[in-house]
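# Predicted model follows, preceded by the sequence.
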Amino acid sequence: MARPRSITGGLMARIAVVFALSPLIAIPVLLLIDDETPDLRIEQDMEEQADVLAPLLAPDAQGKIALPVAAIQAKPVLAQLRFAIYNGGSNTPVVRWPADLVLHNWDYHDSYDTFRASRFGPLRILFLSPGKSAGWVDWLEDELLTEFFPVLAIMLVLAMPLTVYSVRRSLAPMRRVAVEVASLEPGLGKAKLTEAGAPLELVPLISAINRGLERIETVFAAQRHFSAVVAHELRSPLAALSASLELQPVNGHSAEIRNKLRGMSKLIGQLLVHSELSSRRLKLDRIADLRKVVGEAVADETPEAVKRGVSLELNAPEKRVPLRGSAPAIATAVRNLIENAVRHSPKHGVVTITVGVEGPSIEVADMGSGIPPDQREAVFTPFWRGADSPGTGLGLAIVRQMVELHNARITIRDNLPVGTVFRIVFQPE
Amino acid sequence: MRKSDAFVDPCDLLDPEEGAGAVSRLSARILLVEDDPIIAGAVRENLSFDGHCVDWVADARRAGTAFAETRYDLVILDLSLPDADGLDLLRRWRAAERATPVIAVTARGSIEDRIQGLDAGADDYLVKPFEMRELLARVRAILRRPGGVLGRLLSLGNLELDSVRRTLKVAGRRINIPRRELATLELLMRNAQRVVEREAAMRAAYSADEHVSSNVLEANLSRLRQRLETAGANVQIHTIRGLGYMLQGA
C-alpha cells in the first residue's frame, strides 16, 4: 500500500509554493498601490544622483567649475547619465556630461531640473532622461531585496511551525474519532460516535458514520431478533410435542418419532449457532484457557461417546493455555469435532484430543474410515453430505466459522494407521 | 416410564410446615415456573413419579409469590414467561440472597444466552426441547449435592450410599469399603453420568497436604472397580484418560 499523504506535509509544501510565487503577485500589486509613477521614481533617482554629484564639483585653476571626470567615471551609475550644470540663472551650461553633450529643444521634455547648493553658490543641474531600464532594475532590487524578501523570509519561518501546530491541533478531534471507531463492535448495540465537542468540519463525517452504524445495527438487531423468534417459535412447540410424547407408552412407533424430534431439535440448535456466528456478535476479546475449554468439551461429550462404546482421551499440558477469543464458541466447535469423530469411530475406537501449547493448537484424532484428500475442503460446507454422514450437516461448518472468527487455521490429515486428524492452530496470545 | 394406578402425590406426604433441607426426606419440594401447560404437565408428572412434590405456576407474578411463601429445594424456571423475563426474576432472587438452586429452561439457548443465564445465578441451564430423562438427571444431580434433599442417601443402579453413616450397600447387602474408596465413590455418585475431573477426585480422597501422584489415584480407582465388580454392582466407572472418571448406572 502506498504511504498515505500527510496533510501537514501537503499544506507546508503549498504554503512554500505560495511564498515563492508571491513576488510575482506582489510586483503588480506594489506597482498598483505604489504612489510612485515611473517618472517620479526616475526623478527621485536624479535627486539622489544630484546629491552625489554636487560635492564632486570643484574649482579648476581659473576658479571656474570643472567637471570631475575621474570621479564621475568611478561611479558607473553617474557616468551613464547625461547632464548639464548651469550657474545660477544662466542659460549656458558651465559643465556638460558627456563633454560633447548637445542640448536640443526636445530634450527638455524629458529632463529633470534640480538645484543644489555648492561652494559656487546655487547650481542648477539638468538631467536628460536616462532611459527607464536602469530605474526599473534599481527599483526592483530596492523594493524586493531590501524590503519585501526579508519580510517574506520572516513570515515563512513563522508560518511553517504555525502550520504544523494548527494542522495537528485541528486534526486532534480526528484522532479521538479514530479511537472511538476502533473500539466499535458492530452488533453489540453500543456503536455510536460522540458528536458533542467535535469541530464543525467533522460533524458531517461523524453523523454520516453514525447513520451508517445505525443502519448496520438495525440489520444486526433484526437478524438477532429473527433468530431469537425463530428459536422460540420452533423450539416451544417442539418441546410441547416432545413432552406429550414422553407421556405416551414407549413403543417402536413413538421411539421413531422421538428420534426424529431429537434430530430436528439438534438441527435447530446448530442452525441458531451457525446464524449466531455469522452475525459476529460474539465477544472475542477475552482471554480463554484452551485447556479448560477443551477439558469441558471432552467432559460434555463423554456420556454420548460411552453410549456408543467409544473412548475419549485427552492430552493436555498441566498449565493454562491462554488464548484470546470466545470460550463458548471454541467449546461449541470442539464439541462438534469430538461429536463428529465419535460418530465416525468404530465400536471400541478411541478419539484422542490433544491441546498444544505451541500455536496454541487443538487436535482431534479418530480411528474412522478417513476423509479422501479431494473431499477435505468440502466437508466444511454447510449441509455437505459425505458418504452417508449421519450428522446435521452443520457441525463442521460451525467449526470453520469459529476458526475464521478467531483468525485460526484448520487442517485435515490422515491418522495412522486409520482415521482422520482435525488440527486447529490459533493465533498466539 | 413408571405408571401405577395406586399413585400417591408426593406432596400429600410432605409436611407443609417442614422446610427444605431436612436431611431425612427423600422427596423434594420443587417450584415449576412454565407457561406451556403441556410441558408443565409432563414435567410435573415425571418429577412426581420420581418422588418429588411439584408446585406449578405459569407466570412470574405467581412465581414470585410462591417463592416468597414456601421454601423450595429447587426451582425449574422457564426464562420466557408471558409477564416478565425469567432472568430478571432470577437476578432478584439472587440479589435477595436466596440460594435455592435454580435450573433455567429456555427456548433461546444461544451461545451467549447460556453464559448470561449462568451469570444471573442459574445452577444449570437446559435448552428446549429437552428430554425428560435429561431434566430428571439434572434435577437429581442438584438434589444429590451435599446438603441437598437427596444429599444424604445416594443411589445409583443397585448401589446405595449413606453419606452420613459412611456405609455402602450393593443390592441391599452391606459392603466393607475403605474410607478413601468410599469418598471417591460418593463424589462419583453425586456426579453420576458426568465426568469428575482427576483433580476433584484427588481432593475428595486425599487431603491437601498429602502429595500423591495420579498413579496412586488410579490404583485407588482400580481397587474400587474391583470391589464393586466382586460385590455384583451394576454400575461402571469409565476412565477418560487425561481428564477424569465417569460413573454410569445400569
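Arrived safely.

# what's the helix or strand for the most centrally placed residue in chain B?
When Cα atoms, centre = their mean is applied to chain B, the residue found nearest the centroid is B:Ala141 (1.9 Å). Taking DSSP states H and E as the criterion, the element that holds B:Ala141 is helix B:132-143.

# same question, A:Pro417
If you go by DSSP H and E, A:Pro417 is not part of any helix or strand.

# Any part of the helix or strand just after the helix holding B:Ala141 near chain A?
On the C-terminal side of helix B:132-143, the closest following helix or strand by DSSP H and E is strand B:153-156. No. Taking Cβ under 8 Å from any Cβ of the partner chain as the criterion, strand B:153-156 and chain A are apart, separated by no less than 14.0 Å. Bear in mind the C-beta positions are built from the backbone N, C-alpha and C, glycine included.

# The lengthiest helix in chain A near chain B anywhere?
For chain A, the helix that runs over the most residues, judged by DSSP state H, is helix A:203-246. Yes. For helix A:203-246, a contact with chain B is found by Cβ under 8 Å from any Cβ, at A:227-228, A:231-232, A:235-236, A:238-244, A:246.

# if I've got this straight, A:Leu271 is in a strand?
No. Assigned with DSSP: H, G, I helix; E, B strand; the rest coil, A:Leu271 falls outside any strand and is helix.

# looking at chain A, which residue ends up farthest from its center?
Farthest-out residue of chain A from its mean C-alpha position, per Cα atoms, centre = their mean: A:Gln62, at 88.2 Å.

# can I assume that one sits in a helix?
No. Membership of A:Gln62 in a helix is not supported by three-state DSSP, which gives coil.

# Backbone dihedrals for A:Met201, please?
Not Met; residue A:201 is Glu. Reported as degrees, to the nearest 10, the phi and psi values for A:Glu201 are phi -70, psi -30.

# Let me see the contact set for it.
A:Ser170 (Cβ atoms under 8 Å, 6 or more residues apart in numbering or on different chains).

# so how far is chain B from it?
According to Cβ to the nearest Cβ, to the nearest Å, A:Glu201 stands 40 Å off from chain B.

# what residue ranges in chain A score low on pLDDT?
A:1-3, A:30-42, A:104-110, A:129-145, A:185-191, A:280-281, A:385-390 (pLDDT under 70).

# need the helices for it, in chain order.
Assignment of helices within chain A using DSSP H yields the ranges A:7-33, A:38-56, A:69-74, A:76-79, A:133-140, A:149-182, A:203-246, A:252-278, A:290-307, A:327-343, A:395-405.

# and if you look at chain B?
For chain B, the helices identified by DSSP H occupy B:10-13, B:37-49, B:60-69, B:86-95, B:111-119, B:132-143, B:179-190, B:198-205, B:214-231, in order along the chain.

# Compare these and say which comes out lowest on pLDDT.
Mean pLDDT is lowest for helix B:10-13 among those, at a mean of 67.

# Show me how far the helix holding B:Ala141 is from its chain's centre.
Put simply, helix B:132-143 sits 6 Å off its chain's centre (Cα atoms, centre = their mean, to the nearest Å).

# pull the CA atoms of that helix into CSV?
Backbone C-alpha positions of helix B:132-143 (Å, rounded to 0.1, in the frame of the first residue of the first chain) are rendered in CSV as follows:
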residue,chain,number,x,y,z
MET,B,132,-37.4,-35.7,30.3
ARG,B,133,-34.5,-38.1,31.1
GLU,B,134,-32.1,-35.2,30.8
LEU,B,135,-34.2,-32.9,33.1
LEU,B,136,-34.6,-35.7,35.7
ALA,B,137,-30.8,-36.4,35.6
ARG,B,138,-30.1,-32.7,36.2
VAL,B,139,-32.7,-32.4,39.0
ARG,B,140,-31.1,-35.5,40.7
ALA,B,141,-27.6,-34.1,40.3
ILE,B,142,-28.6,-30.9,42.0
LEU,B,143,-30.6,-32.6,44.8
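
# Let's have the residues of helix A:203-246 next to chain B in CSV, adding distance to A:Asn91 and neighbour count.
As requested, the residues of helix A:203-246 next to chain B are exported to CSV (distance: Cβ to Cβ, whole Å; neighbours: other Cβ atoms under 10 Å in any protein chain shown):
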residue, distance to A:Asn91, neighbour count
A:Ser227, 115, 20
A:Ala228, 117, 17
A:Ala231, 121, 24
A:His232, 123, 16
A:Arg235, 127, 24
A:Ser236, 128, 19
A:Leu238, 131, 18
A:Ala239, 132, 24
A:Ala240, 135, 19
A:Leu241, 136, 18
A:Ser242, 136, 24
A:Ala243, 138, 25
A:Ser244, 141, 13
A:Glu246, 142, 20
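
# Make CSV from those residues and add distance to B:Val212 to it.
Supplementary listing: these in CSV, determined by distance: Cβ to Cβ, whole Å:
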residue, distance to B:Val212
A:Ser227, 49
A:Ala228, 49
A:Ala231, 47
A:His232, 50
A:Arg235, 46
A:Ser236, 50
A:Leu238, 48
A:Ala239, 46
A:Ala240, 51
A:Leu241, 51
A:Ser242, 46
A:Ala243, 47
A:Ser244, 51
A:Glu246, 45
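
# residues in contact with residue 210?
Unless you meant another one, I'm taking chain A. A:Asn210 touches A:192-193, A:195, counting by Cβ under 8 Å, 6+ apart.

# now do A:Arg96
A:67, A:83-84.

# Tell me the residues on chain B that lie near chain A, please.
Proximity of chain B to chain A is assessed by Cβ under 8 Å from any Cβ, with B:1, B:36, B:38-39, B:41-43, B:45-46, B:80, B:107-112, B:114-115, B:127-132, B:193-195, B:197, B:238, B:240-244, B:246, B:248 identified as the residues in range.

# I'd like to know how far the residue sitting furthest away from the middle of chain B sits from A:Gly10.
When distances to the mean C-alpha position of chain B are computed (Cα atoms, centre = their mean), the maximum falls on B:His211, with 31.0 Å. Separation of B:His211 from A:Gly10 (Cβ to Cβ, to the nearest Å): 70 Å.

# Contacts only, for the residue nearest to the centre of chain B.
Counting by Cβ under 8 Å, 6+ apart, B:Ala141 touches B:124, B:190-192, B:194.

# Select from those residues the one having the most neighbours.
Among the contacts of B:Ala141, the one with the most neighbours (other Cβ atoms under 10 Å in any protein chain shown) is B:Arg190, at 24 neighbours.

# List the contacts of that one.
Contacts here follow Cβ under 8 Å, 6+ apart; on that basis B:Arg190 touches B:141, B:144-146, B:151, B:154.

# repeat that for 7 Å
Residues touching B:Arg190, when contacts are defined by Cβ atoms under 7 Å, 6 or more residues apart in numbering or on different chains, comprise B:144-145, B:154.

# Going by neighbour count, which of these comes out on top?
Using other Cβ under 10 Å as the contact criterion, the top neighbour count among these goes to B:Arg144, which has 22 neighbours.
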